[in-house]
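Peer 1: When you get a sec, could you give me coordinates for this:
(4 chains, ligands or ions: 5)
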Amino acid sequence: MSNLRDIKSRAHPLWLAYIIHRLSGLFLALFLPVHFWVLSLAITEPASLDGFLSMTQGTQFKLAEFGLVFGLAVHMFGGLRLMAMEWLPWSGRQKTWAALATAISFFIAALFLMKAI
Amino acid sequence: MRISDIERYDTDILILGTGGAGMFAALHAQQSAPEGTKITIAVKGLIGKCGCTRMVQGGYNVALGGGDTVERHFMDTIQGGKWLPNQDMAWRLCEQAVVRIRELENEVGCFFDRNVDGSLHQKAFAGQTADRTVHKGDLTGIEIINRLMEKVLASGVEKLQEHRAAGLIPSKDGSALAGVLMIDMRTGKFKLVRAKTVLMGTGGGPTMYKYHTPSGDKTMDGLAMALRAGLSLRDMEMVQFHPTGLLAGDHTRMTGTVLEEGLRGAGGQLVSHSGQRFMFDYDDKGERATRDVVSRGIYAEMRKNNNSEQEGVFISMAHLGPDNVREKFKGMVKRCEDSGFDLAAGKVEVVPTAHYFMGGVVVDVDTRTAMEGLYVAGEDAGGAHGSNRLGGNGVANSTVYGGIAGDTMGADIRSMPELREPDDEALSAELERAIYPLTKKPDLVLPLRKRLQELMWEDVGVMRTATGMRRGLQGIADVSDALMDTGVASDNLAFNLTWHDWLNLRSLCDISEVIAVAGIARENSRGAHYREDFPDTGAMEDSDFTVVRSNNGKMEVIREPVQFTIVRPGETILPEGEPETLVAAQ
Amino acid sequence: MKNKGLIAFVESSNRLYRDEKLNLAADLRDMTKSSLAVTIERGPVDHRMQVFDVPAYDNQTVLDVVSWVQQNADPTLSYRFACRVGMCGSCAMMVNGVPRWTCRTHISKVLDGNKVTIGPLRNLPIIKDLAVDMDPFFDKWVAAEGVHHGGLTRDDPIAAIDETSSEREEANAGIECINCSVCYAACDTVAGNSNYLGPAALQRAWTLLNDSKDEGYAAILEIVSGSGGCHNCHSMGSCTAYCPNELDPMSAIAGLKRETAKSFFKRGR
Amino acid sequence: MLSLRLYMFQRITALLMAPFVLGHLAVMIYAIQGGLDTAEILGRTQGSLLWFLFYGTFVVAVSIHGAIGLRSIAFEWGGLKGIVLEAFMWIAGLGLFALGARAVWTVTYAQGIGA
Ligand SMILES: Cc1cc2nc3c(=O)[nH]c(=O)nc-3n(C[C@H](O)[C@H](O)[C@H](O)COP(=O)(O)OP(=O)(O)OC[C@H]3O[C@@H](n4cnc5c(N)ncnc54)[C@H](O)[C@@H]3O)c2cc1C
Ligand code: HEM
Ligand code: SF4
Ligand code: F3S
Ligand code: FES
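Peer 2: Residues are numbered from 1 along each chain as shown, chains lettered A, B, ... in the order given. Ligands and ions are numbered 1, 2, ... in the order given. Predicted coordinates for the structure are as follows:
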């Protein structure tokens, strides 16, 4: 409890970028097996995949998918940002990178959501 | 608590303190001692993170050519010390500094600022006749001590951190030093560390003054221990005041800390409370006069202003352009800002502040003392600076003589096959002394320290008189008595700072008395010691220095004539036709 | 210049201590403009939070507040300091959950109303109360080859070095580290990974890697590529964000990552 | 407890995945218009060597990348150490790979052969 408060008091933009990247990575790693499993249904039980996919038309699943794509985008741009920071000669613009990465991923996710609806 | 409860710890070489002196002693002892010698470094704080060497700002004096010579450095040191220095020590200091600076750069790994051509950059402190001071920005000490600290940590010497040396314990027959009684501050337990040789590098530190610059761990413990062990202390009246210490009230530890010399060098002005510049009333060089002169100027000005709300004077930089000041003195501006002052655009209240202690244990040029097995180097040792230390000679002194001590101990230890048996009586006396406050009714220690600091500042400070110092002596005795009635709760001695505050104050009282006694004995004004009742310097050819010894708790002062072994007053060792100064006039 | 106020203060605090009150009584509070509610974490045995009422002053640092408590209210309170001006790096503590040098932190900067919470530095073993054991920090400093590897001796001339060269500038960037451990306490990677050498030690390694006088290139690269090395760093940047000297260990570590990545391709891992 | 080698693998696979992720996202955005169904997915991918290589490499990369990433988290947040930690990484990696490979096989060649 007091730990959480301490974390909050120490948080800063780069740290947020780090925690978002980590949580999105974790989320992806946990989601991927599910995703793979669903795909495999495509052959073994096509009907249930269809059933599953039609279920995904619900708004809840829309939101979940939004989350997934958002996560993937966030994680990817976060990761690219990180590698740029580490490997490209230092520019001191790390915060801009972080902000940019989040902005672009938001953009992609929003695009996805708009198209989907 | 009995002496049988004291934990025992044996080593061959023991080093007290991790300033320039202690660290160099450890490294050199390792190089010079026979294979298998156990070397232990014990310190009141953490290795390298306490003491004043780390706080060195300006830099390190060393003659490295370009017109400058060891002879010139030597002459400046003697003249700066007003002919009181031990000339052989001063010579060795100047000569060895040349080697030590190469050692620092090449072996220890320090990096000092460079000229455009890649050679070492050197500048001139007040009182020098050549650009001589090697530096790393204005954080020279951090560079020196960090690099030394790494070397020592990696060297495999044994560490006793947060161990306080509490007393020197002679051998049974009294002929030599057997070891040092220490307190493991983290646990509060006692430890007797026996060693064949002990270097004392605890760094003096005149922190018995209301305003002082040294780090908080320095409280004259070493000199107080030496005094009790019967050793002679010289030049004990010589306390250097830095003119510009921050004045921020007596409830903050920031008060007294140094605002750097360079501020005045760059054109900073000192103004009184009425807004008047005053330094030209005291000296032609104005704010750029030497430390002692400016300190006295400020002190005199403060005395004129009888307002207890407004004690100090102000240093004002704004006329040089705030942005310019901000850029040139970034660290200083930030430090002032952190404590709520605007150095760049406003003005900051300052006072003279006790900075360095020229006095110390009488040693020979190899750091040996009158007591076999005990060696002293750095600020604890007297002699090299005489009545006044040149800016930049302090760290040169501690690193040069620390190294010499290490070499000497490493050599001497070959003829010392055995550890010595401690004198139990002395041991139990030192133990008693250290646990004394635990037997008394607990009370606050701080008010007593403040009282001592106040009276030392008033009566044994920047300007002195016989009456003042006598009053001071009485005051010291009163504080001392009150301290003996003040106890410290004994229920938890682990990391008990209050107990150590008590012990610190004990050392400070003891040495304060010596300062006053020596000050009364010197009836002239030399360097840092200024007698309003004897403003004359006295004849240089008849120079003598004070030596104080404790005889069963009674102070004995004698005066010994300075031996002019290398140069006599009025003469010089510089070749004929050498210009008086190589520093371009500002 | 005798200070009557001081003596009065001293006497009153003497009396208060005899009353053995932790929460200082009203008469002391009346003497000052206001007071601070200071919560201090005590430990490690009998771990607890303790609240002290401390008089507020104009120029007061966090260290002054802690000192006041020890000197006036609870003589057993343990903490560490030495230089009191931001040079020695021994006074760092957690202030409201943030690691800071306390001697250079004005209390007004951290007050929340009149409250502040002070604890021992994170990620290091607590000795007592606010004093931590800094040995692990320094052990890692040395383990990271944070020590000069010299080829020259005291008999050699001092090397001529161009201060404006890019390597020297890179080396200079981290040289003013005071080893205060603030970055070490700020870093969550250190918190979760006791092997990790940490930002300060790695920054020192990077400095040496760029120091033309240092001959430890291979040894440094080896150790920073190892299991506690620079690759553990997630560039969370707390080190850089909280370093009181405005140093940038994160970039130094990034430098190490670049250098090791290059060597990975060059030497085929 | 990342050493240089794991670090490099993690970064190289990450770089490799970047174009795949972009490609995958593009396809998703395109495909999701008008809803998803099995036939549509399969129709696009079945028997296609290109898609097999695309998703196959993706899966290999993601297994390595994800396993190393999970290892860091398990170590720093979960306190796993030593062999347990190594085992965890391998299980995560192989698990990801097995599931991924099956899915890729399913949507590309398995159907073609089976039909
Ligand atoms: C703010 C400041 C700026 C300075 N600037 C300069 C400068 O620019 N140039 C220059 O030449 N000089 C300068 N000096 C002076 C210089 O710092 C000293 O002359 C020199 O560093 C002293 O070195 P030392 O090794 O004798 O003592 P220190 O470096 O002070 O070390 C003393 C050591 O002994 C330890 N110790 C103390 N008591 C005990 C005990 N009872 N038991 C165990 N250990 C103990 C301390 O903790 C410390 O580790 C400056 C001093 C100060 C305070
Ligand atoms: C193009 C796509 C991706 C890029 C560029 C990328 C990049 C990165 C990078 C650079 C790291 C190292 C972070 C660090 O050391 O702090 C990382 C960590 C991680 N990645 Fe990815 N990644 C991508 C896709 C994925 C995918 C699809 C997964 C799902 C399995 C994933 C899971 C993880 C995990 C779990 C971590 C560990 C997070 C951490 O240590 O904080 N990544 N990623
Ligand atoms: S890098 Fe900064 S925060 Fe870290 S130890 Fe050095 S000075 Fe302190
Ligand atoms: S906070 Fe820690 S994770 Fe890296 S960038 Fe600094 S070392
Ligand atoms: S006391 Fe030295 S840095 Fe704070």
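Peer 1: Make sure residue B:545 is actually in contact with residue B:557.
Peer 2: No - the criterion here is C-beta atoms under 8 Å, and residue B:545 misses it with residue B:557 at 10.8 Å. For every residue, glycine as well, the C-beta is placed using N, CA and C.
Peer 1: of the two, who's got more company?
Peer 2: Taking neighbours as other C-beta atoms under 10 Å in any protein chain shown, residue B:545 and residue B:557 compare with residue B:545 leading, 27 against 18.
Peer 1: which residues does that one bridge with?
Peer 2: With DSSP bridges as the criterion, residue B:545 is bridged to residue B:560.
Peer 1: what do you get for the one 4 residues further on?
Peer 2: Residues found in beta-bridge contact with residue B:549 (criterion: DSSP bridges) are residue B:556.
Peer 1: same question, residue B:10
Peer 2: Beta-bridge partners, per DSSP bridges, of residue B:10: residue B:194.
Peer 1: Over to whatever residue of chain C ends up closest to chain D: give its phi and psi.
Peer 2: Chain D sits closest to residue C:192 of chain C, with a gap of 3.1 Å, by C-beta to the nearest C-beta. Backbone torsions of residue C:192, given as degrees, to the nearest 10, read phi -100, psi 0.
Peer 1: in the stretch 451-586 of chain B, which spans are strands?
Peer 2: Here the stretch 451-586 of chain B has its strands, by DSSP state E, counting those that start in this stretch, at B:544-551, B:554-561.
Peer 1: for the first one, packing partners?
Peer 2: By that I understand strand B:544-551. helix B:221-228, strand B:233-234, helix B:497-521, strand B:554-561 (3 or more C-beta pairs under 8 Å, 6 or more residues apart in numbering or on different chains; DSSP states H and E).
Peer 1: hmm, the longest one touching chain C?
Peer 2: What that stands for is helix B:497-521. Yes - residues of helix B:497-521 contacting chain C under C-beta under 8 Å from any C-beta of the partner chain: B:497, B:498, B:501.
Peer 1: so which of those are also by ligand 2?
Peer 2: Checked against ligand 2 using C-beta under 6 Å from any ligand atom, these give no members in range.
Peer 1: just for the chain, where's the confidence low?
Peer 2: Since no chain was named, I'll use chain A. By pLDDT under 70, the low-scoring segments of chain A are A:1-2, A:42-43, A:46-65, A:89-96, A:98-99, A:102, A:109-110, A:112-117.
Peer 1: To clarify, I was referring to chain B.
Peer 2: Along chain B, the model assigns pLDDT under 70 to residues B:307-309, B:585-586.
Peer 1: Which single strand of it contains the most residues?
Peer 2: strand B:347-357 (DSSP state E).
Peer 1: heading toward the C-terminus, what's the first helix or strand past that one?
Peer 2: Heading C-terminal from strand B:347-357, the first helix or strand you meet, by DSSP states H and E, is strand B:360-361.
Peer 1: Identify the residues contacting that following strand?
Peer 2: B:200, B:204, B:222-223, B:226, B:231-235, B:369, B:376, B:379-383 (C-beta atoms under 8 Å, 6 or more residues apart in numbering or on different chains).
Peer 1: give me that answer again for 7 Å
Peer 2: For strand B:360-361, the surrounding residues in contact (C-beta atoms under 7 Å, 6 or more residues apart in numbering or on different chains) are B:204, B:223, B:226, B:231, B:233, B:234, B:369, B:376, B:379, B:380, B:381, B:382.
Peer 1: what do you get for stretch B:432-445?
Peer 2: By C-beta under 7 Å, 6+ apart, stretch B:432-445 touches B:1, B:166-167, B:183, B:485-490, B:498-499, B:501-503, B:505, C:13-14, C:17, C:71-72.
Peer 1: so what's the residue of chain C closest to chain D closest to, chain neighbours aside?
Peer 2: residue D:76 (3.1 Å; C-beta to C-beta, 6 or more residues apart in numbering or on different chains).
Peer 1: returning to what we had before: and the longest strand of chain B, what does it pack onto?
Peer 2: strand B:239-246, helix B:291-304, strand B:313-316 (3 or more C-beta pairs under 7 Å, 6 or more residues apart in numbering or on different chains; DSSP states H and E).
Peer 1: Could I get the buried residue list for stretch A:14-33?
Peer 2: A:14-15, A:17-18, A:20-22, A:24-29, A:32-33 (16 or more other C-beta atoms under 10 Å in any protein chain shown).
Peer 1: Return the subset of those residues lying in helices.
Peer 2: Applying DSSP state H to the buried residues of stretch A:14-33, the entries found in helices are A:14-15, A:17-18, A:20-22, A:24-29, A:32-33.
Peer 1: Which residues are in contact with the residue nearest to residue C:192?
Peer 2: Going by C-beta under 7 Å, 6+ apart, residue D:76 touches C:189, C:192, C:193.
Peer 1: what about 8 Å?
Peer 2: C:188, C:189, C:191, C:192, C:193.
Peer 1: Also residue C:201?
Peer 2: Counted by C-beta under 8 Å, 6+ apart, residue C:201 has contacts C:137, C:140, C:141, C:143, C:144, C:146.
Peer 1: and it, what pLDDT?
Peer 2: pLDDT, residue C:201: 98.
Peer 1: Residues of chain A that sit close to ligand 2?
Peer 2: Counting by C-beta under 6 Å from any ligand atom, the residues of chain A that sit close to ligand 2 are A:21-22, A:25-26, A:28-29, A:32, A:75-76, A:79-80, A:82-83.
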